[in-house]
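Participant: what follows is a predicted structure for the sequence shown.
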Amino acid sequence: MKKSFYKLSISRAEKNAWSFNKALAPENVVTLNVLISIEKLIQRRNEFKERNEITPSFTALVIKAAAITIKRHPEANRAILGLPLFKRLYQFTNTDISVAIEKSLPFLPGQPFVSPIRNPLGKSLQQITEELKNLAVAQEQDNEDFKLYMNILRYVPYPLSYLMINFPIWFPSFWSKYRGSACWVNSPSKTGADWLQTIWPWPMSFSFGVVKKRPMVVADKVEVQETMPLILVFDRRIMGGGPAGRVFATFAKVLETADPELFESSFQQGVG
């Protein structure tokens with residue numbers, strides 16, 4: 001009988017990257033989601049277009065909203081890190097937000113490379129948007145972190161490569177350097193799915209779905225509005241459902257109301 005499958009001949013880099021998937025399944029996670037209207041946010045984005053300025057991307061807006069949220073709720077900016085039997089709860093004082101950047105290997109399209117956006121509260125939305133664009137096209141020769149990541153994938157045999165990639169889980173200084181704070185932002189559903197819930201090593205994972213018009217009830221009437229699905233995946237060892245719900249409510253409100261703090265750096269720097 002003719003076989004209907006065959007084994008791919010893959011490189012060490014591809015094998016290592018594939019093996020890391022099991023690192024992206026932390027236990028004890030809970031998921032919250034909500035659909036919000038972003039009519040006010042769209043209006044503010046259009047103001048940038050009218051001034052012929054760089055229009056903030058939705059990812060940039062969500063990154064800054066996440067940073068504002070953990071600044072207002074420092075209890076959410078914590079992680080359980082350390083070697084086995086020596087794990088401790090650590091409080092982060094930075095608001096660096098990590099984001100996934102799609103980089104492809106021949107048999108692993110869309111393999112994520114993680115890069116923290118440093119101090120998003122001190123940057124304008126336009127600066128964050130440009131930084132995201134640069135990361136998307138970055139190559140090894142112009143991004144030291146990406147070069148280090150690819151060198152580990154290519155040249156370090158498994159399981160040593162697995163241990164190196166996961167140093168941040170065991171050593172807080174590595175976490176702060178390579179993964180930022182306790183918060184992470186991604187948008188895996190931007191390719192088409194309205195909602196997609198994922199699990200990552202970060203204790204607080206903020207995601208958003210496809211932005212599009214959907215029916216919403218406003219003042220007891222059904223209206224078609226621009227909407228954004230929001231998802232929070234959190235480690236229930238860090239906080240319970242009540243505190244996490246309040247954190248999520250703050251995050252949603254910042255975006256739904258187009259909180260002025262989202263745009264403060266832009267106007268203060270004279271580019272908004």
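Facilitator: Alright, I've got the coordinates. Numbering: from 1, shown residues only.

Participant: for the rest of this, base every contact and every neighbour count on C-alpha atoms.
Facilitator: Fine.

Participant: okay, which residue is most central for the chain?
Facilitator: Central residue of the chain (C-alpha atoms, centre = their mean): Val185, 1.6 Å from the mean position.

Participant: which element, helix or strand, includes that residue?
Facilitator: Using DSSP states H and E, Val185 sits within strand 183-186.

Participant: tell me the helix or strand right after that strand.
Facilitator: strand 204-208.

Participant: parallel or antiparallel, list what pairs with the strand holding Val185.
Facilitator: strand 97-105 (parallel), strand 204-208 (parallel) (DSSP bridges).

Participant: how far away from the center of its chain is the last one?
Facilitator: This means strand 204-208. 6 Å (C-alpha atoms, centre = their mean, to the nearest Å).

Participant: just checking, next helix/strand downstream of that strand?
Facilitator: With elements assigned by DSSP H and E, the helix or strand that comes after strand 204-208 is strand 212-218.

Participant: paired strands for the next helix-or-strand element following that following strand, with orientation please.
Facilitator: Next helix or strand after strand 212-218 toward the C-terminus (DSSP H and E): strand 221-235. Applying DSSP bridges, strand 221-235 is found paired with strand 29-37 (antiparallel), strand 204-208 (antiparallel), strand 212-218 (antiparallel).

Participant: contacts for strand 221-235 next, please.
Facilitator: Strand 221-235 has contacts (C-alpha atoms under 8 Å, 6 or more residues apart in numbering) with 27-39, 42, 194-195, 197-199, 203-217, 244, 248, 252.

Participant: recalculate using a threshold of 7 Å.
Facilitator: Residues from elsewhere that reach strand 221-235, judged by C-alpha atoms under 7 Å, 6 or more residues apart in numbering: 28-39, 195, 203-217, 248.

Participant: now that strand: buried residues?
Facilitator: Buried residues in strand 221-235, counted by 16 or more other C-alpha atoms under 10 Å: 225-235.

Participant: for stretch 80-94, same thing?
Facilitator: 80-82, 91-92, 94.

Participant: return the member of the residues you listed nearest to Pro116.
Facilitator: If you rank the buried residues of stretch 80-94 by distance to Pro116 using C-alpha to C-alpha, Asn94 comes first, at 11.1 Å.

Participant: quick one on the thing from earlier: could you dump the strands paired with strand 183-186 into JSON lines and include mean neighbour count?
Facilitator: Below are those laid out as JSON lines (neighbours: other C-alpha atoms under 10 Å):
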{"stretch": "strand 97-105", "mean neighbour count": "19"}
{"stretch": "strand 204-208", "mean neighbour count": "26"}
